[in-house]
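A.B. asks: next come a sequence and a model predicted from it.
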Amino acid sequence: MAVVLLAATLLAYGPALRGGLLWDDEGHVTKPELRSLAGLGRIWFQLGATQQYYPVLHTAFWIEHRLWGDATLGYHLLNVLLHVTSACLVALILRRLAVPGAWLAAWVFALHPVAVESVAWIAEQKNTLSTVFYLLATLAYLHFDEQRRRTAPRRRGWSWYLLALGAFVLALLSKSVTVTLPAALLVVLWWRHGRLEWKRDIRPLVPWFALGLAMGLLTTWVERRLIGAEGAEFNLSLLARALLAGRVVWFYLGKLVWPADLIFIYPRWNVSTAAAWQYLPPAGVVALLAGLWWLRSRMRGPLARAAAAGLAAALFFIGSLFPALGFFNAFPFIYSFVADHFQYLASLGLIALAAGAWGRAWSAGTPRLVLRRGILALAAGGVISTLGVLTWRQSRMYRDLPTLYRVTIERNPGCWMAEFNLANLYFSNGRLRDAIPYYELALVARPDYSEAHNNLGNVWRALGRRDLARANYEAALRLDPANAGAWVNLGIVSYEAGGKEEAERDYEAALRLQPDLRPAHLYLGNLLREEGRLAAAIPHFERALRLQPDDAVTQVSLADALEATGRPGEAVAHYEASLGLQPDQPDTEDSLGIALAESGRLGDAMAHFERALQLRPGFPEAQNNFGSALMQAGRFADAMAHFAAALQLKPDYPEARENLRLARERAAGLR
C-alpha cells in the first residue's frame with residue numbers, strides 16, 4: 001500500500017518535481033558560508049545564521065546539499081517521500097487507535113491539494129520533516145501509554161517514552177508549530193479513555209509542555225526581532241486577534257472540505273472590532289465546540305461516540321492551528337493572515353474523522369452489504385481521484401517562480417507582494433520594461449510601499465532616466481525616512497549628476513541609519529578616493545571587507561587606496577587576497593606587480609607583470625610597468641624592449657616614451 005501510495009503521489013506532484021527555487025527557498029538551501037563543518041556548527045549555535053532557528057531542518061538541508069548540491073529535483077523528491085511517510089504513519093496511528101478507514105485517511109492526506117504548498121515548496125520541508133517526527137513521537141507515545149496500562153509497575157515502557165520525547169525534540173527543532181503535540185496527545189487520550197488522570201496522563205507530558213513553551217517563546221522572539229514581524233501591520237488588539245482567529249478556523253475548514261480557488265497568497269482581510277458580522281465566526285467556533293460537548297454528554301450509544309470523535313477532531317484541528325490563528329506575530333501576516341501550509345498538520349484531525357466515519361459505514365453489518373460497500377468504494381475512489389487531479393493541477397503553479405507569481409496575481413488581483421516580487425524577478429533578469437508595470441501595480445495596491453518606490457527608481461536609473469529615478473527615491477524616503485537603501489540610491493543618482501557633496505551626504509545618512517550597510521561604505525569610499533581623500537576612504541573599504549571578506553573588488557579598492565598612500569606592503573596582501581578569490585585578472589596582476597616593485601620585491605613583481613601580459617597581451621600599461629621593474633634591476637636592454645612594445649600598442653603614451661629615453665641614456669652611460 002505504501003509503494004502504491006508513493007507512486008500515486010509522485011504522479012500527482014509530477015508538474016512540480018522539476019520546479020526551481022521559489023520565494024524564500026534560497027534562504028533555506030544551505031548558503032555557501034554554511035556548507036563546511038564550521039557552518040554546520042553555526043547552524044546549531046548561532047541565532048541568525050539561518051532564516052529561523054530550526055537546526056534539525058537546516059542540518060537536513062546541509063546533508064542534502066552535500067548529496068545533490070543545488071539540483072532541485074532531489075529536494076522535491078525528498079519532500080514527496082517525507083509527505084508519503086507521514087501519510088503512512090497516519091495510517092499506522094489510526095490502526096493502533098482502532099479507527100476504521102486508516103488507509104483512506106492516508107490517501108486523502110497524501111493527495112489533498114491543501115498540502116501542495118508544503119510539498120512543492122522546498123522551504124516547506126520544515127512542514128514535511130517536522131510532521132514525520134511529530135507522528136513518530138505520537139506512535140511511540142501510544143506504545144508507552146498502552147504498556148503503562150497493561151504491564152506491571154516496574155515495566156511501564158519508559159524506553160518508548162524516551163523515544164517519543166526524542167522524536168518530539170527533533171520535531172520542535174524542525175518547526176516550532178509542533179509545540180501543540182502534548183496537547184494533541186491529551187485530546188487523543190481523553191477521546192480514547194473517556195477521561196484524563198493527572199498521574200497517568202498529564203504528568204508525563206509536563207516536560208513536553210515546558211519544552212514546547214521554550215521553543216515557542218524563542219520562535220516568537222526570532223519572528224519579531226530577526227525576521228521583522230512587528231510594526232504597524234501587526235498592531236492588533238487582543239479582541240481583534242480573537243475575531244481573526246475565529247475567521248481563520250472557518251477559512252481552513254472550508255478549504256479542507258472544498259479545496260477550490262487555492263492561492264499561494266490569499267487576500268489580507270480587514271479586521272475590525274466595529275463590524276458586528278466579524279463576531280459571528282468566533283461565536284460559531286465556540287457554539288460548535290459547546291454543541292459537540294453537549295451531544296457527547298447527553299446522548300448515548302453511537303451518537304455520543306460520534307460527538308466525542310467530532311469534538312476530539314475539532315479540538316485537534318483548532319489546537320494544531322493555534323500558533324497560526326493570529327495570536328502570535330508571523331511575518332507572512334504582513335500580506336495575508338492565512339496560507340495553505342499553515343494547516344498541513346492540523347488537517348489530519350478532520351481527515352481522520354471523515355475516514356473513520358467512512359470506515360464505520362464500511363464495517364457496519366447491515367442489509368445490502370455488497371451494495372453499500374460498492375457505493376462506499378466508488379465514493380472513496382471518486383474522492384481520491386478528484387483530490388489527485390486537483391493536486392496535479394495545483395502543482396503546475398509551482399514549476400517556476402514567474403508562473404507562481406503570475407497565477408497568484410491572476411487569482412488574487414491587487415496582491416502587492418506577488419506584484420512586487422514579480423517585478424524584482426524581471427528586474428534581476430534584465431527585463432526592465434516588464435518590471436515597471438508590476439512595481440506600479442504594487443504601488444496602486446499599497447501606496448505607502450517605500451521599497452517599491454526604491455526599486456522602481458532602480459529600474460529608471462538602469463534605463464538612464466535619472467529624473468524619474470530621483471523622484472522615486474525621494475518618494476521612498478518621504479514614506480520611510482529610515483530606508484537606508486533609498487539614501488544610498490539617491491546618493492548614486494546625485495553622484496552621477498555631478499553632485500558629489502550631495503552624494504556624500506546621502507551616503508552618510510544611510511550609514512547613520514544602518515552602520516553596517518556595505519554598499520554605502522563602498523560608494524562613499526570610492527567617492528572619497530576619487531577626490532583624493534584616501535585616508536578617509538580607507539576605513540570605509542576596511543569596514544566593507546569586514547562585512548564581506550570574500551569580495552574581490554573591495555579587496556582591490558582597499559589595496560589601491562593603500563598603495564596610493566605609500567603603504568605598498570599592506571596593499572600587496574589585499575591584491576593577493578583578491579586574486580585568490582578571483583584569479584586571472586590582468587589589472588589586479590599589474591597592480592600587484594607595482595606594489596611589489598615599490599616594496600623592493602622586483603623578482604616577484606616581474607612574475608606578476610609577466611602573468612598580466614599572458615592574460616592580456618595587448619596591455620601597454622603592464623608592458624611599461626614591466627619595463628620599469630627591469631630598468632630598476634639594471635636590465636636596460638630588456639626594459640627598452642618592453643617600453644617599445646608599450647609604445648607600439650599605445651603610441652601616445654608619454655610615460656613609456658620618457659622611460660624608453662631614460663633606459664637608453666642609462667644603457668649608454670654603462671657603455
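C.D. replies: Ah, there it is.
A.B. asks: list the buried residues of stretch 183-200.
C.D. replies: For stretch 183-200, burial by neighbour count (16 or more other C-beta atoms under 10 Å) applies to 183-191. Quick note: C-beta positions are derived from backbone N, CA and C, even for glycine.
A.B. asks: now stretch 230-245
C.D. replies: Burial within stretch 230-245, assessed by neighbour count using 16+ other C-beta under 10 Å, is assigned to 234, 236, 242-245.
A.B. asks: show residues contacting it.
C.D. replies: Residues outside stretch 230-245 that contact it (C-beta atoms under 8 Å, 6 or more residues apart in numbering): 224, 269, 271-273, 278-279, 281-282, 285, 325-327, 329, 333-334, 337.
A.B. asks: how far does it sit from its chain's centre?
C.D. replies: Put simply, stretch 230-245 sits 24 Å off its chain's centre (C-alpha atoms, centre = their mean, to the nearest Å).
A.B. asks: could I have that stretch exported to CSV, CA atoms only?
C.D. replies: C-alpha atoms of stretch 230-245 as CSV (Å, rounded to 0.1, in the frame of the first residue of the first chain):
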residue,chain,number,x,y,z
GLU,A,230,6.5,43.8,14.1
GLY,A,231,5.3,47.2,13.2
ALA,A,232,2.0,48.8,12.2
GLU,A,233,0.8,45.8,10.2
PHE,A,234,0.9,43.7,13.4
ASN,A,235,-0.7,46.2,15.8
LEU,A,236,-3.9,44.2,16.5
SER,A,237,-5.7,44.3,19.9
LEU,A,238,-6.4,41.1,21.7
LEU,A,239,-10.1,41.3,20.7
ALA,A,240,-9.2,41.8,17.1
ARG,A,241,-6.9,38.8,17.2
ALA,A,242,-9.8,36.7,18.7
LEU,A,243,-12.1,37.8,15.8
LEU,A,244,-9.3,37.0,13.4
ALA,A,245,-8.8,33.5,14.9
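A.B. asks: rounded mean pLDDT for that stretch, please.
C.D. replies: Mean per-residue pLDDT for stretch 230-245: 91.
A.B. asks: kindly report the same for stretch 444-463.
C.D. replies: On average, stretch 444-463 scores 96.
A.B. asks: extract the C-alpha set from it and format it as PDB.
C.D. replies: The C-alpha trace of stretch 444-463 is given here as PDB (Å, rounded to 0.1, in the frame of the first residue of the first chain):
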ATOM      1  CA  VAL A 444      -1.600  51.100  -6.500                       C
ATOM      2  CA  ALA A 445      -2.400  48.300  -4.100                       C
ATOM      3  CA  ARG A 446      -0.100  49.600  -1.400                       C
ATOM      4  CA  PRO A 447       0.600  53.400  -2.000                       C
ATOM      5  CA  ASP A 448       2.800  53.600   1.200                       C
ATOM      6  CA  TYR A 449       5.200  50.900   0.000                       C
ATOM      7  CA  SER A 450       8.600  52.700   0.300                       C
ATOM      8  CA  GLU A 451      10.600  49.700  -1.100                       C
ATOM      9  CA  ALA A 452       8.500  49.500  -4.300                       C
ATOM     10  CA  HIS A 453       9.400  53.200  -5.000                       C
ATOM     11  CA  ASN A 454      13.000  52.500  -4.300                       C
ATOM     12  CA  ASN A 455      13.100  49.500  -6.700                       C
ATOM     13  CA  LEU A 456      11.200  51.300  -9.300                       C
ATOM     14  CA  GLY A 457      13.800  54.100  -9.000                       C
ATOM     15  CA  ASN A 458      16.500  51.400  -9.700                       C
ATOM     16  CA  VAL A 459      14.700  50.400 -12.900                       C
ATOM     17  CA  TRP A 460      14.500  54.000 -14.100                       C
ATOM     18  CA  ARG A 461      18.200  54.600 -13.200                       C
ATOM     19  CA  ALA A 462      19.200  51.500 -15.200                       C
ATOM     20  CA  LEU A 463      17.200  52.900 -18.200                       C
END
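A.B. asks: what's in contact with that stretch?
C.D. replies: With C-beta under 8 Å, 6+ apart as the test, stretch 444-463 has contacts from 414-416, 419-420, 423-424, 427, 432-433, 435-436, 439-440, 442-443, 466, 468-473, 475-477, 479-480, 483, 485-486, 489, 492-493.
A.B. asks: what do you get if the cut-off is 7 Å, keeping everything else the same?
C.D. replies: Contact with stretch 444-463 is made by 414, 416, 419-420, 423-424, 427, 432, 435-436, 439, 442-443, 468-469, 472-473, 475-476, 479-480, 483, 485-486, 489, 493, as judged by C-beta atoms under 7 Å, 6 or more residues apart in numbering.
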